[in-house]
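S.K.: Sequence first, then the predicted structure:
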Amino acid sequence: MNSSAIAVSGLRKAYGDKAVLDGIDFEVAAGSVFSLLGPNGAGKTTTVNVLTTLLRADAGTVRVAGYDVATGTRQVRAAIGVTGQFAAVDELLSGRENLRLMADLKRVRSGAQVVDRLLERFDLVAAADALAATYSGGMRRKLDLAMTLVGSPRIIFLDEPTTGLDPRSRRTMWGIVRELVAEGTTVFLTTQYLEEADHLADRIAVLDQGRLVAQGTADELKRQIPGTHVRLRFATLHELDAAARALPEATRDAQELLLRVPSDGESKSLRALLERLDAHALNAQDFSVHTPDLDDVFLALTGHASTEETHQ
Ligand SMILES: Nc1ncnc2c1ncn2[C@@H]1O[C@H](COP(=O)(O)OP(=O)(O)OP(=O)(O)O)[C@@H](O)[C@H]1O
Ligand SMILES: [Mg+2]
(Lines give C-alpha, C1' and ligand atoms only; values in the text may rest on other atoms or scores of the structure.)
(Ligands and ions follow the chains in the order given, each with its own letter.)
Protein backbone atom coordinates (compact mmCIF):
# COMPACT_ATOMS: atom_id res chain seq x y z
CA MET A 1 0.00 0.00 0.00
CA ASN A 2 1.26 3.43 -1.01
CA SER A 3 1.82 5.66 2.03
CA SER A 4 0.90 8.80 0.06
CA ALA A 5 -2.64 9.91 0.78
CA ILE A 6 -2.38 12.44 -2.03
CA ALA A 7 -0.04 12.44 -5.02
CA VAL A 8 -0.15 15.25 -7.55
CA SER A 9 2.03 15.51 -10.61
CA GLY A 10 2.13 18.02 -13.43
CA LEU A 11 -1.24 19.47 -12.47
CA ARG A 12 -2.42 22.19 -14.81
CA LYS A 13 -5.61 24.17 -14.99
CA ALA A 14 -6.41 27.24 -17.04
CA TYR A 15 -9.46 29.45 -17.30
CA GLY A 16 -9.51 30.70 -20.87
CA ASP A 17 -5.91 31.65 -21.58
CA LYS A 18 -5.12 32.32 -17.94
CA ALA A 19 -3.04 29.52 -16.41
CA VAL A 20 -4.28 29.24 -12.84
CA LEU A 21 -2.25 26.12 -11.97
CA ASP A 22 0.88 25.99 -14.04
CA GLY A 23 2.19 22.47 -13.46
CA ILE A 24 2.35 21.65 -9.78
CA ASP A 25 3.69 18.53 -8.05
CA PHE A 26 3.48 17.41 -4.44
CA GLU A 27 2.76 14.43 -2.22
CA VAL A 28 1.04 14.21 1.11
CA ALA A 29 1.95 11.36 3.46
CA ALA A 30 -0.95 9.55 5.08
CA GLY A 31 -1.68 10.80 8.58
CA SER A 32 0.07 14.13 8.11
CA VAL A 33 -0.99 17.75 7.76
CA PHE A 34 -0.07 19.42 4.49
CA SER A 35 -0.59 23.12 4.09
CA LEU A 36 -0.92 24.98 0.83
CA LEU A 37 0.01 28.54 1.55
CA GLY A 38 -0.70 31.42 -0.78
CA PRO A 39 -2.18 34.88 -1.16
CA ASN A 40 -5.58 35.71 -2.70
CA GLY A 41 -5.91 34.33 -6.19
CA ALA A 42 -2.85 32.06 -5.95
CA GLY A 43 -4.89 29.00 -6.96
CA LYS A 44 -5.56 27.34 -3.59
CA THR A 45 -9.28 26.78 -4.04
CA THR A 46 -8.70 25.65 -7.61
CA THR A 47 -6.27 23.02 -6.30
CA VAL A 48 -8.74 21.87 -3.65
CA ASN A 49 -11.50 21.66 -6.25
CA VAL A 50 -9.41 19.44 -8.51
CA LEU A 51 -8.26 17.22 -5.66
CA THR A 52 -11.81 16.78 -4.41
CA THR A 53 -13.19 15.90 -7.89
CA LEU A 54 -15.24 19.09 -8.17
CA LEU A 55 -13.16 20.38 -11.05
CA ARG A 56 -11.41 18.58 -13.91
CA ALA A 57 -7.71 19.28 -14.48
CA ASP A 58 -6.43 20.16 -17.95
CA ALA A 59 -3.31 18.03 -17.49
CA GLY A 60 -1.41 16.02 -14.91
CA THR A 61 -2.34 13.18 -12.60
CA VAL A 62 -3.93 13.42 -9.20
CA ARG A 63 -4.31 10.42 -6.93
CA VAL A 64 -6.26 10.71 -3.71
CA ALA A 65 -6.59 7.76 -1.31
CA GLY A 66 -4.96 5.64 -3.99
CA TYR A 67 -7.48 6.47 -6.72
CA ASP A 68 -7.14 8.66 -9.77
CA VAL A 69 -9.56 11.57 -9.41
CA ALA A 70 -10.44 11.34 -13.10
CA THR A 71 -11.26 7.63 -13.23
CA GLY A 72 -11.99 6.77 -9.59
CA THR A 73 -14.19 9.73 -8.78
CA ARG A 74 -16.67 7.68 -6.77
CA GLN A 75 -13.98 5.99 -4.68
CA VAL A 76 -12.21 9.29 -4.02
CA ARG A 77 -15.45 10.91 -2.91
CA ALA A 78 -16.11 8.04 -0.51
CA ALA A 79 -12.72 8.55 1.15
CA ILE A 80 -12.69 12.31 1.62
CA GLY A 81 -14.42 15.10 3.49
CA VAL A 82 -14.37 18.68 2.27
CA THR A 83 -14.93 21.96 4.04
CA GLY A 84 -15.10 24.60 1.35
CA GLN A 85 -13.99 28.19 1.64
CA PHE A 86 -17.60 29.25 1.91
CA ALA A 87 -19.74 27.41 4.43
CA ALA A 88 -22.00 24.74 2.98
CA VAL A 89 -24.40 25.05 5.89
CA ASP A 90 -28.15 25.23 5.15
CA GLU A 91 -29.30 28.27 7.08
CA LEU A 92 -32.92 27.22 7.17
CA LEU A 93 -32.08 24.09 9.13
CA SER A 94 -30.83 23.83 12.70
CA GLY A 95 -27.27 22.72 13.41
CA ARG A 96 -28.55 19.29 14.40
CA GLU A 97 -30.66 19.00 11.22
CA ASN A 98 -27.71 19.98 9.04
CA LEU A 99 -25.61 17.24 10.63
CA ARG A 100 -28.46 14.74 10.42
CA LEU A 101 -28.91 15.47 6.73
CA MET A 102 -25.22 14.82 6.15
CA ALA A 103 -25.37 11.57 8.13
CA ASP A 104 -28.32 10.44 6.01
CA LEU A 105 -26.58 11.41 2.76
CA LYS A 106 -23.53 9.43 3.77
CA ARG A 107 -25.70 6.56 5.04
CA VAL A 108 -23.92 6.63 8.40
CA ARG A 109 -25.12 4.01 10.87
CA SER A 110 -26.42 5.26 14.27
CA GLY A 111 -26.58 8.73 12.75
CA ALA A 112 -28.26 10.32 15.78
CA GLN A 113 -25.41 9.26 18.05
CA VAL A 114 -22.76 10.44 15.64
CA VAL A 115 -24.53 13.79 15.42
CA ASP A 116 -24.71 14.12 19.22
CA ARG A 117 -21.02 13.40 19.56
CA LEU A 118 -20.10 15.98 16.95
CA LEU A 119 -22.31 18.64 18.52
CA GLU A 120 -20.52 18.04 21.80
CA ARG A 121 -17.07 18.02 20.29
CA PHE A 122 -17.65 21.35 18.58
CA ASP A 123 -19.30 22.96 21.56
CA LEU A 124 -22.57 23.40 19.69
CA VAL A 125 -24.92 21.54 22.04
CA ALA A 126 -26.64 24.68 23.36
CA ALA A 127 -27.25 25.97 19.83
CA ALA A 128 -28.03 22.58 18.31
CA ASP A 129 -31.70 23.24 17.72
CA ALA A 130 -31.49 26.88 16.67
CA LEU A 131 -31.56 27.71 12.96
CA ALA A 132 -28.07 27.94 11.49
CA ALA A 133 -29.11 31.38 10.16
CA THR A 134 -28.83 32.62 13.74
CA TYR A 135 -25.27 31.29 14.21
CA SER A 136 -22.26 33.56 14.33
CA GLY A 137 -19.62 33.19 11.61
CA GLY A 138 -17.42 31.11 13.91
CA MET A 139 -20.28 28.80 14.89
CA ARG A 140 -21.15 28.32 11.25
CA ARG A 141 -17.56 27.38 10.43
CA LYS A 142 -17.52 24.89 13.28
CA LEU A 143 -20.80 23.37 12.12
CA ASP A 144 -19.41 23.19 8.61
CA LEU A 145 -16.34 21.31 9.82
CA ALA A 146 -18.50 19.03 11.97
CA MET A 147 -20.51 18.19 8.83
CA THR A 148 -17.27 17.31 7.07
CA LEU A 149 -16.38 14.84 9.82
CA VAL A 150 -19.63 12.88 9.58
CA GLY A 151 -18.70 9.41 8.38
CA SER A 152 -15.07 9.78 9.56
CA PRO A 153 -13.37 10.40 6.20
CA ARG A 154 -9.71 9.34 6.01
CA ILE A 155 -8.65 12.48 4.17
CA ILE A 156 -9.98 15.92 4.94
CA PHE A 157 -9.70 19.05 2.84
CA LEU A 158 -10.06 22.37 4.61
CA ASP A 159 -10.05 25.47 2.43
CA GLU A 160 -9.08 28.41 4.64
CA PRO A 161 -10.79 26.95 7.70
CA THR A 162 -9.92 29.82 10.01
CA THR A 163 -10.39 32.87 7.80
CA GLY A 164 -12.66 35.25 9.68
CA LEU A 165 -12.41 33.44 13.00
CA ASP A 166 -11.44 35.21 16.20
CA PRO A 167 -8.17 34.08 17.83
CA ARG A 168 -9.96 31.80 20.27
CA SER A 169 -12.03 30.01 17.63
CA ARG A 170 -8.90 29.71 15.53
CA ARG A 171 -7.16 27.90 18.41
CA THR A 172 -10.18 25.62 18.78
CA MET A 173 -9.97 24.79 15.09
CA TRP A 174 -6.24 24.08 15.39
CA GLY A 175 -6.96 21.77 18.33
CA ILE A 176 -9.47 19.86 16.24
CA VAL A 177 -7.03 19.49 13.37
CA ARG A 178 -4.42 18.10 15.77
CA GLU A 179 -6.93 15.63 17.20
CA LEU A 180 -7.86 14.46 13.73
CA VAL A 181 -4.24 13.84 12.84
CA ALA A 182 -3.66 12.00 16.11
CA GLU A 183 -6.47 9.69 15.01
CA GLY A 184 -4.67 9.04 11.74
CA THR A 185 -6.62 11.36 9.46
CA THR A 186 -4.75 13.13 6.67
CA VAL A 187 -5.44 16.85 6.53
CA PHE A 188 -4.95 19.04 3.48
CA LEU A 189 -5.29 22.64 4.50
CA THR A 190 -5.09 25.90 2.63
CA THR A 191 -4.34 29.10 4.43
CA GLN A 192 -3.20 32.67 4.01
CA TYR A 193 -1.80 32.62 7.54
CA LEU A 194 1.85 31.75 7.81
CA GLU A 195 1.45 31.29 11.53
CA GLU A 196 -1.22 28.70 10.95
CA ALA A 197 0.89 26.67 8.54
CA ASP A 198 3.82 27.01 10.93
CA HIS A 199 1.76 25.66 13.85
CA LEU A 200 -0.10 22.86 12.16
CA ALA A 201 1.61 21.58 9.08
CA ASP A 202 4.15 18.78 8.76
CA ARG A 203 4.87 20.06 5.29
CA ILE A 204 4.15 23.36 3.62
CA ALA A 205 3.99 24.26 -0.04
CA VAL A 206 4.01 27.90 -1.04
CA LEU A 207 1.79 28.64 -4.03
CA ASP A 208 2.26 31.84 -5.96
CA GLN A 209 0.57 32.63 -9.25
CA GLY A 210 -0.08 28.99 -10.03
CA ARG A 211 3.39 27.67 -9.25
CA LEU A 212 4.85 26.08 -6.14
CA VAL A 213 7.72 28.37 -5.27
CA ALA A 214 8.86 26.28 -2.29
CA GLN A 215 8.07 23.09 -0.38
CA GLY A 216 9.30 21.67 2.88
CA THR A 217 8.88 21.72 6.64
CA ALA A 218 8.48 25.11 8.29
CA ASP A 219 12.11 24.88 9.43
CA GLU A 220 13.38 23.99 5.96
CA LEU A 221 11.56 26.97 4.52
CA LYS A 222 12.90 29.27 7.20
CA ARG A 223 16.41 28.13 6.38
CA GLN A 224 16.01 29.33 2.79
CA ILE A 225 15.94 32.96 3.77
CA PRO A 226 18.29 35.48 5.35
CA GLY A 227 18.82 34.90 9.04
CA THR A 228 18.50 37.12 12.06
CA HIS A 229 18.73 40.81 11.34
CA VAL A 230 18.17 44.19 12.89
CA ARG A 231 15.39 46.40 11.58
CA LEU A 232 15.85 50.13 11.67
CA ARG A 233 12.99 52.41 10.77
CA PHE A 234 13.64 56.02 9.82
CA ALA A 235 11.42 59.08 9.80
CA THR A 236 12.22 60.22 6.28
CA LEU A 237 13.44 58.83 2.98
CA HIS A 238 16.38 61.23 3.23
CA GLU A 239 17.52 59.67 6.52
CA LEU A 240 16.91 56.17 5.17
CA ASP A 241 19.17 56.89 2.22
CA ALA A 242 21.86 58.36 4.45
CA ALA A 243 21.71 55.30 6.69
CA ALA A 244 21.82 52.97 3.69
CA ARG A 245 25.07 54.69 2.62
CA ALA A 246 26.50 54.38 6.13
CA LEU A 247 25.54 50.70 6.38
CA PRO A 248 26.28 49.24 2.94
CA GLU A 249 25.59 45.66 4.11
CA ALA A 250 21.95 46.55 4.78
CA THR A 251 18.98 46.12 2.46
CA ARG A 252 16.59 48.98 2.09
CA ASP A 253 12.80 49.01 1.93
CA ALA A 254 11.83 52.49 0.77
CA GLN A 255 8.11 51.94 1.14
CA GLU A 256 8.44 51.04 4.81
CA LEU A 257 11.39 53.40 5.40
CA LEU A 258 13.11 50.34 6.75
CA LEU A 259 16.67 49.11 6.73
CA ARG A 260 17.47 45.46 7.42
CA VAL A 261 20.96 44.85 8.73
CA PRO A 262 22.28 41.29 9.02
CA SER A 263 23.30 40.64 12.62
CA ASP A 264 23.73 37.82 15.12
CA GLY A 265 21.57 39.80 17.55
CA GLU A 266 24.21 39.77 20.34
CA SER A 267 24.50 42.83 22.52
CA LYS A 268 28.05 43.53 21.41
CA SER A 269 27.10 43.66 17.73
CA LEU A 270 24.03 45.74 18.52
CA ARG A 271 26.14 48.28 20.39
CA ALA A 272 28.58 48.48 17.48
CA LEU A 273 25.70 49.05 15.08
CA LEU A 274 24.26 51.86 17.21
CA GLU A 275 27.68 53.46 17.42
CA ARG A 276 27.94 53.50 13.65
CA LEU A 277 24.58 55.24 13.44
CA ASP A 278 25.72 57.76 16.05
CA ALA A 279 28.91 58.44 14.15
CA HIS A 280 26.78 59.55 11.21
CA ALA A 281 24.39 61.48 13.45
CA LEU A 282 21.57 59.18 12.40
CA ASN A 283 18.59 58.32 14.54
CA ALA A 284 16.34 55.30 13.95
CA GLN A 285 12.79 55.83 15.17
CA ASP A 286 12.35 52.16 15.69
CA PHE A 287 14.91 49.46 16.38
CA SER A 288 14.21 45.74 16.61
CA VAL A 289 16.00 42.42 16.36
CA HIS A 290 14.13 40.13 14.03
CA THR A 291 14.40 36.34 13.86
CA PRO A 292 13.00 35.01 10.58
CA ASP A 293 9.51 33.57 10.52
CA LEU A 294 7.37 32.16 7.76
CA ASP A 295 6.27 35.65 6.82
CA ASP A 296 9.80 36.40 5.76
CA VAL A 297 9.92 33.15 3.83
CA PHE A 298 6.85 34.13 1.93
CA LEU A 299 8.07 37.60 1.10
CA ALA A 300 11.47 36.28 0.12
CA LEU A 301 10.08 33.50 -2.08
CA THR A 302 7.30 35.32 -3.84
CA GLY A 303 9.06 38.65 -4.12
CA HIS A 304 5.92 40.50 -3.13
CA ALA A 305 6.60 43.49 -0.98
CA SER A 306 10.28 42.68 -1.05
CA THR A 307 11.00 44.07 -4.53
CA GLU A 308 12.21 47.29 -2.94
CA GLU A 309 14.85 45.53 -0.93
CA THR A 310 17.18 44.50 -3.69
CA HIS A 311 18.41 47.86 -4.84
CA GLN A 312 20.48 50.14 -2.70
N1 LIG B 1 -14.55 29.73 -12.52
C2 LIG B 1 -13.54 30.56 -12.80
N3 LIG B 1 -13.46 31.18 -13.99
C4 LIG B 1 -12.44 32.00 -14.29
N5 LIG B 1 -11.41 32.26 -13.45
C6 LIG B 1 -11.43 31.68 -12.26
C7 LIG B 1 -12.48 30.79 -11.87
N8 LIG B 1 -12.19 30.34 -10.63
C9 LIG B 1 -11.05 30.92 -10.25
N10 LIG B 1 -10.57 31.71 -11.23
C11 LIG B 1 -9.31 32.48 -11.19
O12 LIG B 1 -8.27 31.62 -10.82
C13 LIG B 1 -7.34 32.25 -9.95
C14 LIG B 1 -7.15 31.43 -8.71
O15 LIG B 1 -8.36 31.38 -7.98
P16 LIG B 1 -8.51 30.54 -6.63
O17 LIG B 1 -9.92 30.69 -6.20
O18 LIG B 1 -8.01 29.17 -6.83
O19 LIG B 1 -7.53 31.34 -5.67
P20 LIG B 1 -7.30 31.17 -4.09
O21 LIG B 1 -5.86 30.92 -3.90
O22 LIG B 1 -8.25 30.19 -3.55
O23 LIG B 1 -7.63 32.64 -3.56
P24 LIG B 1 -8.37 33.11 -2.19
O25 LIG B 1 -7.30 33.19 -1.14
O26 LIG B 1 -8.88 34.47 -2.55
O27 LIG B 1 -9.45 32.14 -1.88
C28 LIG B 1 -7.89 33.65 -9.70
O29 LIG B 1 -7.22 34.54 -10.54
C30 LIG B 1 -9.34 33.54 -10.12
O31 LIG B 1 -9.79 34.76 -10.60
MG1 LIG C 1 -9.75 30.27 -2.16
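M.R.: Nice, thanks for sending it over. Ligands and ions are numbered 1, 2, ... in the order given.
S.K.: And the closest residue to ligand 1 within the stretch 101-250 of the chain, how close does it get to residue 285?
M.R.: Residue of the stretch 101-250 of the chain nearest ligand 1, by C-beta to the nearest ligand atom: residue 192 (5.8 Å). Yep, even glycine has a C-beta here, placed from its N, CA and C like the rest. Distance, residue 192 to residue 285, by C-beta to C-beta, to the nearest Å: 29 Å.
S.K.: again with residue 85
M.R.: For residue 85 relative to residue 285 (C-beta to C-beta), the value is 39 Å.
S.K.: more neighbours, the two?
M.R.: More crowded of residue 85 and residue 285, by other C-beta atoms under 10 Å: residue 85, with 14 against 11.
S.K.: returning to that earlier point: give me the phi and psi angles of the residue of the stretch 101-250 of the chain closest to ligand 1.
M.R.: Main-chain dihedrals, residue 192, degrees, to the nearest 10: phi -100, psi 0.
S.K.: Nearest spatial neighbour of it, chain-adjacent residues omitted?
M.R.: residue 39 (6.3 Å; C-beta to C-beta, 6 or more residues apart in numbering).
S.K.: Could you report the neighbour count for that neighbour?
M.R.: Residue neighbour count, defined by other C-beta under 10 Å, stands at 14 for residue 39.
S.K.: tell me the centre residue of the chain?
M.R.: Compute the mean C-alpha point of the chain, and by C-alpha atoms, centre = their mean the closest residue is residue 191, 2.4 Å away.
S.K.: wouldn't that residue be in contact with residue 204 here?
M.R.: No. With contact defined as C-beta atoms under 8 Å, residue 191 does not reach residue 204; the gap is 9.3 Å.
S.K.: tell me, what's touching those two both at once?
M.R.: Listed as contacting both residue 191 and residue 204 by C-beta atoms under 8 Å, 6 or more residues apart in numbering are 35, 37, 197.
S.K.: do you know how far the residue nearest to the first one when sequence neighbours are not counted is from residue 87?
M.R.: So the one you mean is residue 35. Spatial nearest neighbour of residue 35, excluding adjacent residues (C-beta to C-beta, 6+ apart): residue 201 at 3.6 Å. Distance, residue 201 to residue 87, using C-beta to C-beta: 23 Å.
S.K.: quick one: which of these two has more around it?
M.R.: residue 201 (23 against 18).
S.K.: ok, now which ones touch that one?
M.R.: Counted by C-beta under 8 Å, 6+ apart, residue 201 has contacts 33-35, 189, 218.
S.K.: Among those residues, which one sits closest to ligand 2?
M.R.: Closest approach between those and ligand 2, by C-beta to the ion: residue 189, at 12.0 Å.
S.K.: near ligand 2, which residues of the chain?
M.R.: 44-45, 85 (C-beta under 5 Å from the ion).
S.K.: neighbours around the residue nearest to residue 79 when sequence neighbours are not counted, how many?
M.R.: Spatially, and ignoring its direct neighbours in sequence, residue 79 is nearest to residue 65 (3.7 Å; C-beta to C-beta, 6+ apart). Neighbours of residue 65 under the rule other C-beta under 10 Å: 21.
S.K.: distance of residue 65 from ligand 1?
M.R.: Separation of residue 65 from ligand 1 (C-beta to the nearest ligand atom, to the nearest Å): 22 Å.
S.K.: Surely residue 293 is in contact with residue 222?
M.R.: Yes. Between residue 293 and residue 222 there is a contact at 7.2 Å, judged by C-beta under 8 Å.
S.K.: you'd agree residue 130 is up against residue 94?
M.R.: Yes. Taking contacts as C-beta under 8 Å, residue 130 lies within contact range of residue 94: 6.0 Å.
S.K.: How about the residues of the stretch 1-150 of the chain by ligand 1?
M.R.: Counting by C-beta under 6 Å from any ligand atom, the residues of the stretch 1-150 of the chain close to ligand 1 are 15, 20, 38, 40-46, 85.
S.K.: what's in contact with stretch 273-287?
M.R.: Contacts of stretch 273-287 (C-beta under 8 Å, 6+ apart): 230-235, 239, 242-243, 246-247, 259, 261, 263.
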